[in-house]
Structure formats: structure tokens, C-alpha cells
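J.: give me a 3D structure for the following:
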Amino acid sequence: MTSPIRAFFNWLALASVVGLLLWREHSWQLRARQAETAPAVVGGGGAEESELLATNGVLQRRASEAEARAGALGAELEALKRAVEAAKPAPGPADLAKQFAAQRGLAFKPAPVWTPAPMEAILDKVRVSVESQLSAEAAEVRGRAALAMGFHSEPFDYRAAVISLAQTSSGGYYDAASRAFFYRQEASLARADGREAFIGGLAAALTRQKGGEIPRGYDPANDDEALALRSLMSGDANAARVRFSIADQLNLNFDRSGAPSAPPPNYSAPAYLGETWKFSQDKGSLFVEVLAGQGGNAAVDAAYARPPRSSAEILHPETLYLAKPPFEPTAVELPGSTVGGSAPYFSNIAGELGTYIVLRSWLGVDEATVASEGWAGDRYAVWPGAAGAGDHVFWKTVWRTEADAREFFEQLRRVLMQRFSLPWRAPLDAAAGQFRVDDPQRVLRLALRAEDKAVTLINASDPAFGALLEKAAAAW
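T.: As a prediction, the model looks like this:
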């Protein structure tokens, strides 16, 4: 086979010849035009012009032939490039891991056992991992609390929904106990999309290892803080995967066998859980890109030493996370939260994203976004209500400015009226900064505490419990 380098120099030489011929043709055409406009020379002007035109015709034919030969050489050069590409051996898992380590600086130590596995086996390992961190009882409680808070409106299988979202990223799975990395055997590493799938799984495993385990896994005591850490890790993995794919020197070979197959259809998660998962992937990637713009991989690595502690920092890295000092969420406590002999069965933190989701269920994107910005801290608690009547909720949010608190109060008031189909009546807004509903099956107390830059909500399905909750909430 002709050497690609020799073919390239042949092509370059031919191109030089073609250029010279074209230059000569241009010179002859210029001289011909000058001959046409110059005064005729007695006894010889016509013959000289004919000779020039004839010579020009010959040169044009030679130039066309040279162009044809140059095209043929160009096609041969492209064929040689494809042959060289096809002759390159497919990289192995260790090769790709080494390239990734050189680019992002993350690697397993010691190297894992690279283990090809069917995609179904990898998905099953993900399922087992989620189930080990989220018991059926905890999942049932979380699904019930989501309904009470207004994150979702219909009962659903919380555990199955979380498993389906975790399985969406199925490029690989790292088992720390056996130090084995399982990657999809059907996704050929000779293909660019197969390599991207492998790197996606590898990057996710390495960033999770760097970030450490999220306390209580998929049942954390602080959902917002856990989401912020997961967003850092997922965003780092996504951004690193994209950069690897862009730099992949073999990124054109999609024509080989072994294309990655799509994950099988699975349980459809509710919109609010899907929104949370997308947030960790998309907003997390943007967060990491902002950090990388400050100082490359070193700046991203530094974030693992002081991880973001709220979804607000992920959304506003320049003004919150990178502030000097960085933003610290306000701790909101509900001491002595047993009401009428009943303890809350669930308590957690919604964060800026959770606040947005509550509003977005009933408002437009812009309205929900503006009203949730300025979040500084929150906590909600849920108590069991009578069967079929709904549970009871207390939610306190704290804001960075009084204007932020007032904006949230006004928009949450609108949401409550729509959610519970309340026609407006004067008693609902009898006092400034207060929204009160006293119905046999619904007690609402929405209050703006301007001096504390806080908004509180009582949502009870029973007037008697609502009265007890209102009394207890006076101390919160």
C-alpha cells in the first residue's frame, strides 16, 4: 500500500504544478486582452493574437487534466486515511482510563478489574444499589410526603421511580467491594459512541468516589444538600465526558459494528423527580463549567473540599458559591414538633429547587423562577391525617431580603388558591401579610414575617389539628 505520507507529498507537488499552470494561463489571458486593446501592428498583429489564443487553449486543457489528476489523488488520499483509521486497533478499557486520567486527573487506585457485562446485568446492579440505600418503608414515606407538600398530585411508586432514574446512566457500574468495573459488552470500544458510553460510566464512578458517599444515600436527612453534592459529581462527570468525546481522535468511526443499545423502557418517574434528576445533570454541568473557567481541573477539585450545600449554590455559582465567604444556608429548626401527641412522620429541606417545583406546578416558568430566587433556607414537616383526608404540613422558608420573602408569599398564595380551588372572598385576605382559610376539611395559614424575612405555611386537613399546629408553630 502506498505510504500516506508519500501520497500527501505527491498531491502537494501536483497542486504546485496546477498552480503554476493556472498562473501562466492568467498571464496569457492578460496578454491576450492587452493585444485586443492595443493598436494593430502592420503586417503581424493578427497572427500573433491567434498564436496567443491557441496557446491559451492548450494550457486550459492541460489545467483541466491536472485538476482531474489532483481530484483523483485527493480521493486516493482520503481512501488511505480511512484505511489507516480502520487499521488502528480498538483501545481497551485500560487505554481509555489512562486517557481520561490524563485529561481529568481521576483514576482508580489500584486499577479495577475491567469486566464486560450485558447491559441488563449492569441495570440490575444499579437497582440493587438503590434498594440497599432506600428501603421500601422509607420510599413509601417519601412518596406520601411528596403528595402532602404538593410536589406531585397522585400516588406513585417512589422506589421504582428512583431506580428508573438511576438506571438512565447505564454506561458502567463500579463495585467497590470486588474492585470490578462492569462496562457494557455490546458497546464496542472501536466506535466513538461506544467509547463515550464507557467514559460516561467511568466518569460517574470516579466522581462519586471523589465526592464520597452521600449520607443515607437515596434517603438523606437534607435533600437539598444531597442534591447539591450529587449535582457537583454528576456535573463533573458529564462535563468530563463531553470534553473527552470532543478530544477523541477516532471520533468519526461510527460505521463499525457494536453500537450501544438504548436502555429498555422502564418505569416513568413523576415530573418533579425527573426535574430533580435533570437538574443534577444539566445545572450540575453548568456549575462545573463555571468552576473550570476559574481555574480548570484544580478549581473543580477544590470544590470537593468544600462541596456546595444547597441547590441555590448550583443555580447561582458566581453570586453564592464563589462569594467571599461562600453562601451558607440558614438552618431552620422545628423544636418540639410533636403536635397533639403526634410526631411528624417526615421532615426535610426543599431548597430553592424544591420551592421552584411547588410553584411551577401551578405557575409559569418565569414566575416560579423569580419567586424562588432569594431562598436562604427552609424546613417542612408532615404529620399523618385521617385516611382519605390528606396529611398536615408546616413549612417555613427564610429569604435573603424582605422583598424576596414578599414575592414568595404572593406567589404561594396564588398557588394555594389554585391547588385547592378556592374562590376569592374578603376574609381570606383580612389582614396584611396573612392568608387564612377556615373550611371544614381545609385549614390554611400563610403568613409573611417581614421582620424575619420568613414565610410560614400551615396546611391542615382537620380544623382541630390545624388549631393545635398553629399554636405550636408560634414558637417556630
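J.: where do the strands of the stretch 1-150 of the chain begin and end?
T.: Counting by DSSP state E, counting those that start in this stretch, the stretch 1-150 of the chain has strands at residues 113-117.
J.: so what's the closest residue to Asp438 other than its chain neighbours up against?
T.: Leaving aside its chain neighbours, Asp438 sits nearest to Pro463 (7.0 Å; criterion: Cβ to Cβ, 6 or more residues apart in numbering). Placement of C-beta: from N, CA and C, glycine included. Applying Cβ atoms under 8 Å, 6 or more residues apart in numbering to Pro463 gives the contacts Asp438, Pro440, Val443.
J.: would you turn those residues into CSV with neighbour count?
T.: As requested, the contacts of Pro463 are arranged in CSV below (neighbours: other Cβ atoms under 10 Å):
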residue, neighbour count
Asp438, 13
Pro440, 8
Val443, 22
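J.: please verify my assumption that Gly284 contacts Ile314.
T.: Yes: here Gly284 reaches Ile314: they are 6.4 Å apart, a contact under Cβ atoms under 8 Å.
J.: what sits in contact with each of the two?
T.: By Cβ under 8 Å, 6+ apart, Gly284 and Ile314 have these common neighbours: Ser231, Leu232, Gly235.
J.: related to what we said a few turns ago, next one: phi and psi at the residue nearest to Asp438?
T.: With angles defined as degrees, to the nearest 10, Pro463 sits at phi -60, psi -40.
J.: now it: how far from Val443?
T.: 5 Å (Cβ to Cβ, to the nearest Å).
J.: please apply the same query to Asn238.
T.: Taken as Cβ to Cβ, the span from Asn238 to Val443 is 45 Å.
J.: check Ser231 too.
T.: Distance of Ser231 to Val443, given as Cβ to Cβ: 36 Å.
J.: same question for Asp282.
T.: Noted for Asp282: a distance of 38 Å to Val443, by Cβ to Cβ.
J.: got it, and Phe151?
T.: Phe151 sits at a distance of 21 Å from Val443 (criterion: Cβ to Cβ).
J.: next one: Trp424
T.: Look at Trp424 and Val443: by Cβ to Cβ, they are 18 Å apart.
J.: pLDDT weak spots in the stretch 1-150 of the chain?
T.: Counting by pLDDT under 70, the stretch 1-150 of the chain has low-confidence residues at 1-46, 79, 81-88.
J.: now do the helices in it.
T.: Along the stretch 1-150 of the chain, the segments classed as helices by DSSP state H, counting those that start in this stretch run 4-37, 45-87, 93-104, 119-133, 136-149.
J.: likewise the stretch 201-350 of the chain?
T.: 223-247, 271-278, 284-305, 311-315.
J.: just the mean pLDDT for the last one, thanks.
T.: For helix 311-315, the per-residue pLDDT values average out at 98.
J.: kindly report the same for the longest one.
T.: Mean per-residue pLDDT for helix 223-247: 96.
J.: gap between it and the chain center?
T.: With Cα atoms, centre = their mean, to the nearest Å as the basis, helix 223-247 stands 7 Å off its chain's centre.
J.: which strands and helices sit next to that helix?
T.: helix 93-104, helix 192-211, helix 284-305, helix 311-315, helix 351-360 (3 or more Cβ pairs under 8 Å, 6 or more residues apart in numbering; DSSP states H and E).
J.: give me that answer again for 6 Å
T.: If contacts are counted by 3 or more Cβ pairs under 6 Å, 6 or more residues apart in numbering; DSSP states H and E, helix 223-247 sits against helix 192-211, helix 284-305, helix 311-315.
J.: correct me if wrong: Asn222 contacts Ser347.
T.: No: Asn222 is beyond contact range of Ser347, at 10.2 Å (criterion: Cβ atoms under 6 Å).
J.: so is Val393 in a helix, a strand, or just coil?
T.: The three-state label given to Val393 by DSSP: H, G, I helix; E, B strand; the rest coil is strand.
J.: and what of Gly385?
T.: Following three-state DSSP, the label given to Gly385 is coil.
J.: quick one: it and Phe420, what's the gap?
T.: 14 Å.
J.: go through the helices of the stretch 201-350 of the chain and pick out the most buried.
T.: Stretch with highest mean neighbour count among those: helix 311-315 (a mean of 28; mean count of other Cβ atoms under 10 Å).
J.: what helices and strands are in contact with that helix?
T.: Here helix 311-315 touches helix 223-247, helix 351-360, going by 3+ Cβ pairs under 6 Å, 6+ apart.
J.: any chance of a markdown table for those, columns distance to Thr338?
T.: Shown next, in a markdown table, are the helices and strands packed on helix 311-315 (distance: least, Cβ to Cβ, whole Å):
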| stretch | distance to Thr338 |
| --- | --- |
| helix 223-247 | 22 |
| helix 351-360 | 24 |
